[in-house]
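Student: Let me see the structure of the following:
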Amino acid sequence: MISDTPPRIVIGWDLGGANVKATRLCDGEVSDIAQWPCPLWQGLDFLQDVLARARLRWPDCATAEHAVTMTGEMADLFPHRQAGVVALAAAMAEVFGPRVRFYAGAAGWVPHDAVEAAWLQVASANWSATAQLVASRVPDAVLVDIGTTTSDIIPIRAGTVAAHGQDDAGRLASGELVYSGVARTPLCALARRIAFNGVAYNVMNELFATTADVYRLTGELPAEHDPHPPADGGAKTLAATRQRLARMIGMDAREAGNTAWRTFADAWREAQLAELEDNLRRVLEAHAARGGVAGAPLVAAGCGHFLARELAQRVGVPCLTFEKVLRLHSAHALWARVCAPSAAVALLYDAQRDMRECGKPASQPVATGTREGTGEEAVCGS
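Tutor: From the prediction side, this is the model:
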């Protein structure tokens with residue numbers, strides 16, 4: 001029998017300062033995931049364009065429920081973070097109306113008219129949503145979400161998110177937030193001196209190259225995870241990439257062979273891994289001092305998940321990928337890993353809604369998993 005009941009659509013949004021990610025649920029199942037570049041520092045018009053593209057991709061956006069988390073309030077478009085949270089919330093409410101709720105961590109879900117009062121809890125809470133979801137499936141773990149710009153290292157103990165810091169500043173102090181990612185990080189932030197062909201060089205402190213150049217040469221960064229222009233606004237060919245790396249030590253790419261530049265990329269890769277490992281060990285040591293469980297698995301998420309796998313090997317723990325934690329095996333599995341916070345807020349909100357319909361109290365975010373997806377193809381971007 002065919003039901004006359006329309007499907008329940010929930011769209012989870014992660015509004016970043018460089019990319020917007022969205023996950024669409026249909027009756028509790030992941031049906032599509034998308035990511036669009038959105039350089040917020042250049043203006044809110046870019047977010048409006050993304051939302052227009054989302055409405056074309058998902059015509060039922062108008063009747064869907066929307067669960068939103070964000071980090072874009074940090075963009076220097078805004079005079080301060082509160083203004084950023086309020087502006088981003090207003091943009092979402094203007095397009096989607098009263099069917100929008102904003103994730104505020106332990107404070108639960110807030111409507112648009114309550115965002116300004118709860119702005120501090122709404123600001124940069126996407127890591128909390130992902131960790132809440134993981135905690136429901138893996139009671140003892142460390143979530144490592146490495147994206148284009150930042151890395152989150154979040155301890156989970158006894159099914160509870162055990163982060164020491166609760167905002168960006170606190171997590172930067174604890175090592176749970178590292179402003180280092182696999183696409184947008186300037187290489188001059190990773191090392192003061194670096195070796196090339198057996199000689200150590202001072203690094204040029206200029207925005208000549210980013211980590212996208214490194215992982216483009218190593219073959220670990222697919223084009224769909226590399227949507228922004230290079231540092232020089234040039235091409236993303238391997239030849240142009242080698243030239244940008246060469247500038248970091250005052251050279252031209254023609255002064256050495258391709259193998260030498262690939263080895264140079266590996267040196268930058270190691271510099272980034274060393275910084276991430278240092279912070280992971282700092283978090284693990286602090287977690288152990290508070291009763292953490294030794295040997296807990298690392299849960300890898302983000303487009304830099306390949307580095308998370310290596311970090312797990314270095315500290316001697318098992319590695320699980322985010323989509324396997326959710327037991328998601330559809331065509332959307334990889335994109336769920338890359339766009340983990342958007343999947344998390346969609347699933348958390350959907351579970352909260354189920355509890356309300358069952359007459360149970362649901363004032364706090366509820367972590368849950370997901371059933372297998374529909375098998376539709378997920379393509380990142382439009």
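
Student: State whether residue 330 is indeed within a strand.
Tutor: No: assigned with DSSP: H, G, I helix; E, B strand; the rest coil, residue 330 falls outside any strand and is coil.

Student: Residue 30 is in contact with that one, correct?
Tutor: Yes: if you go by Cβ atoms under 8 Å, residue 330 and residue 30 touch, sitting 6.6 Å apart. C-beta here means a position set from N, CA and C on the backbone, and glycine is covered the same way.

Student: So for those two, which sits in the more crowded spot?
Tutor: Just comparing residue 330 and residue 30: by other Cβ atoms under 10 Å the higher neighbour count belongs to residue 30, 29 against 20.

Student: Which segments of this structure make up each domain?
Tutor: Domain assignment for the chain by automatic domain parsing gives 9-128+325-357, 138-182+273-322, 187-272.

Student: avg pLDDT for the shortest one?
Tutor: Right, domain 187-272. In this model, domain 187-272 has a mean pLDDT of 97.

Student: ok now do residue 324, which residues does it touch?
Tutor: Going by Cβ atoms under 8 Å, 6 or more residues apart in numbering, residue 324 touches residue 333.

Student: Measure how far stretch 340-359 is from the centre of its chain, please.
Tutor: 19 Å (Cα atoms, centre = their mean, to the nearest Å).

Student: cool, and stretch 8-24?
Tutor: Between the centre of stretch 8-24 and the centre of its host chain there is 11 Å, according to Cα atoms, centre = their mean.

Student: Over to stretch 39-51?
Tutor: Here stretch 39-51 is found 18 Å from its chain centre; the criterion is Cα atoms, centre = their mean.

Student: So which bits of it are buried?
Tutor: Across stretch 39-51, burial judged by 16 or more other Cβ atoms under 10 Å covers 39-40, 44, 46-47, 50-51.

Student: What's the mean pLDDT across that stretch?
Tutor: 97.

Student: Ok, stretch 308-326 next?
Tutor: Rounded mean pLDDT across stretch 308-326 is 96.

Student: Could I have the CA atoms of that stretch written out in PDB?
Tutor: Taking Å, rounded to 0.1, in the frame of the first residue of the first chain, the C-alpha atoms of stretch 308-326 are listed here in PDB:
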ATOM      1  CA  ALA A 308      43.800  11.000  10.800                       C
ATOM      2  CA  ARG A 309      44.400   7.400   9.900                       C
ATOM      3  CA  GLU A 310      48.100   8.000  10.100                       C
ATOM      4  CA  LEU A 311      47.800   9.700  13.400                       C
ATOM      5  CA  ALA A 312      46.000   6.700  14.800                       C
ATOM      6  CA  GLN A 313      48.900   4.500  13.700                       C
ATOM      7  CA  ARG A 314      51.400   6.900  15.300                       C
ATOM      8  CA  VAL A 315      49.700   6.800  18.700                       C
ATOM      9  CA  GLY A 316      48.900   3.100  18.400                       C
ATOM     10  CA  VAL A 317      45.100   3.000  18.500                       C
ATOM     11  CA  PRO A 318      42.500   1.600  16.100                       C
ATOM     12  CA  CYS A 319      40.900   3.900  13.500                       C
ATOM     13  CA  LEU A 320      37.300   4.000  12.600                       C
ATOM     14  CA  THR A 321      35.800   6.200   9.900                       C
ATOM     15  CA  PHE A 322      32.800   8.400  10.700                       C
ATOM     16  CA  GLU A 323      30.500   6.700   8.200                       C
ATOM     17  CA  LYS A 324      31.300   3.200   9.700                       C
ATOM     18  CA  VAL A 325      30.500   4.500  13.100                       C
ATOM     19  CA  LEU A 326      27.100   5.400  11.800                       C
END
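
Student: for it, which positions count as buried?
Tutor: Quick answer for stretch 308-326 (16+ other Cβ under 10 Å): 308-309, 311-312, 317, 319-326.

Student: for stretch 170-178, same thing?
Tutor: Neighbour-count burial for stretch 170-178 flags 171, 174-178 (criterion: 16+ other Cβ under 10 Å).

Student: so which pair among these is furthest apart in space?
Tutor: Maximum pairwise distance among the buried residues of stretch 170-178 (Cβ to Cβ): 10.5 Å, between 174 and 178.

Student: check contacts around residue 307.
Tutor: Each residue near residue 307 by Cβ under 8 Å, 6+ apart is listed here: 146, 182, 272-273, 276.

Student: returning to what we had before: please flag which of the buried residues of stretch 308-326 sit within strands.
Tutor: Here DSSP state E is the test, and those give 319-321 as lying in strands.

Student: Reformat the contacts of residue 307 as JSON lines; add secondary structure, neighbour count and distance to residue 109.
Tutor: Converted to JSON lines, the contacts of residue 307 look like this (DSSP: H, G, I helix; E, B strand; the rest coil; neighbours: other Cβ atoms under 10 Å; distance: Cβ to Cβ, whole Å):
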{"residue": "146", "secondary structure": "strand", "neighbour count": "25", "distance to residue 109": "27"}
{"residue": "182", "secondary structure": "coil", "neighbour count": "27", "distance to residue 109": "31"}
{"residue": "272", "secondary structure": "helix", "neighbour count": "25", "distance to residue 109": "35"}
{"residue": "273", "secondary structure": "helix", "neighbour count": "17", "distance to residue 109": "37"}
{"residue": "276", "secondary structure": "helix", "neighbour count": "23", "distance to residue 109": "32"}
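
Student: Good, wrapping up.
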